[in-house]
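> Pasting the sequence and the predicted coordinates here, then a few questions.
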Amino acid sequence: MSVGYQLAYRLNVTPWERAGREASVQFTGLLAREEADRTPPWGRALDLGCGTGSHTVELAERGWSATGLDAVELAVERARRRPGAETARFVVGDVTRLEEAGVEGEVDFFLDVGCFHGLDDDQRAAMGRGVTALAAPDATLLLLAFRPNGRPLLPRGAGEADVTRALPGWKVLDVTAADTSGMPKPLRSTAPQWFRLQRLSR
């Protein structure tokens, strides 16, 4: 998928970026839920597959110590030029090799807006191991994934069983249908869901 994303950013064909912006009301509410049981400052947040960084910057502006990570260097370059980027940190790195990305633990909150669901099973397991290794004892993870769909040119999607298989040290707290009002029709038909997980006690 990384080659496809590199080409998409080079051609400025990134419908997921637009969809993310237009679903901001729901996303803001989901972040408020993450903060409800915490005391500010909220802690460290890692945005996995951050793209051009809109969510990373929002996390930083809300008071998180936020880092955005993406394997596409062009996307990270654009993130670093985004208004408000000085409030966050952006790194080029592979979500399946977090130990090599220069991201240190402990991370209190992980965000994945459409990265995991495009990975193969081995990559998902590797990402799960990396996330777990970085996670603070009570860390949470908010993950957006299309339902498994088998459609060409779209991420393969992931269901709850796929998520829990890759993250055996975590429990699913909640599954919420995503707001698809700003998505192009082909993406709306994938019926994406938000999965909220918490790290199990060690």
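Perfect, I can see it now.
> Quick check, central residue of this structure?
residue 112 (1.3 Å; Cα atoms, centre = their mean).
> which stretches of this protein aren't confidently modelled?
The chain contains residues with pLDDT under 70 at 1-23, 202.
> Swap in 50 and give it another go.
Within the chain, the segments meeting pLDDT under 50 span 1.
> What segments of it are helices?
2-11, 15-22, 24-36, 54-61, 73-81, 121-134, 160-166, 185-188 (DSSP state H).
> how about the ones you listed, which one is nearest residue 91?
Among the helices of the chain, helix 73-81 comes nearest to residue 91, with 7.1 Å by Cβ to Cβ. All C-beta spots, glycine's among them, are computed from the backbone N, C-alpha and C.
> Packing partners of the closest one?
When contacts are defined as 3 or more Cβ pairs under 8 Å, 6 or more residues apart in numbering; DSSP states H and E, helix 73-81 packs onto helix 2-11, strand 65-70, strand 89-92.
> Could you rerun that using 10 Å?
Applying 3 or more Cβ pairs under 10 Å, 6 or more residues apart in numbering; DSSP states H and E, one finds that helix 73-81 contacts helix 2-11, helix 54-61, strand 65-70, strand 89-92.
> residues of it that come out buried?
Neighbour-count burial for helix 73-81, counted by 16 or more other Cβ atoms under 10 Å, picks out 75-76, 78-79.
> what angle separates that helix from helix 54-61?
30 degrees (axes from the mean of the first three to the mean of the last three Cα atoms, to 10 degrees).
> Tell me how far helix 73-81 lies from the chain's centre.
Distance of helix 73-81 from its chain centroid, counting by Cα atoms, centre = their mean, to the nearest Å, is 16 Å.
> got it, and stretch 118-133?
Per Cα atoms, centre = their mean, the centroid offset for stretch 118-133 relative to its chain is 13 Å.
> residues in contact with the residue nearest to the centre of the chain?
Residue 112 makes contact with 46-50, 55, 95, 127, 131, 141-145, 163, 195 under the criterion Cβ atoms under 10 Å, 6 or more residues apart in numbering.
> of all these, which comes closest to residue 26?
Lowest distance from residue 26 to the contacts of residue 112 (Cβ to Cβ) belongs to residue 144, with 10.2 Å.
> Settle this for me: that closest one is touching residue 118, isn't it.
No. Counting by Cβ atoms under 10 Å, residue 144 stays clear of residue 118, with 11.5 Å between them.
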